[in-house]
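K.L.:
A structural model of the following input is requested.
(one chain, ligands or ions: 1)
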Amino acid sequence: MTTTDLATLPTCNTHGQMTLRPADRQSAEQRWCGTWYDCAAHRCLTSVLLPSPALMAQLAEQATRAGAR
Ligand SMILES: [Zn+2]
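P.N.:
Below is the predicted model of the structure:
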């Protein structure tokens, strides 16, 4: 089992439980965005992103700017 701080892992609609993506399989940009989970099934490209605080802050800032327009 992969260690995670989530109570429940994200699931693929087709294959079920997903696994935490290893850090060495992520670009710096992906690591910045947050925590990625991939479907463990071979050739299934389903992935889930849990946004990092840094990404959430940027999205909130963009929303504020869009609202001010
Ligand atoms: Zn899948």
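
K.L.:
Name the SS class of the most centrally placed residue in the chain, please.
P.N.:
With distances taken as CA atoms, centre = their mean, the residue of the chain nearest its centroid is residue 49 (1.5 Å). Of the three states, residue 49 takes strand under DSSP: H, G, I helix; E, B strand; the rest coil.

K.L.:
Test my guess that it contacts residue 33.
P.N.:
Yes - counting by CB atoms under 8 Å, residue 33 is a contact partner of residue 49 at 6.1 Å. For the C-beta atoms, the positions are set from N, CA and C on the backbone; glycine is no exception.

K.L.:
Make sure residue 19 is indeed in a helix.
P.N.:
No - judged by three-state DSSP, residue 19 forms no part of a helix; its state is strand.

K.L.:
Which parts of this protein are strands?
P.N.:
11-12, 16-20, 34-39, 47-51 (DSSP state E).

K.L.:
Of the ones you listed, which is nearest residue 67?
P.N.:
Nearest to residue 67 among the strands of the chain is strand 47-51 (19.4 Å), distances taken as CB to CB.
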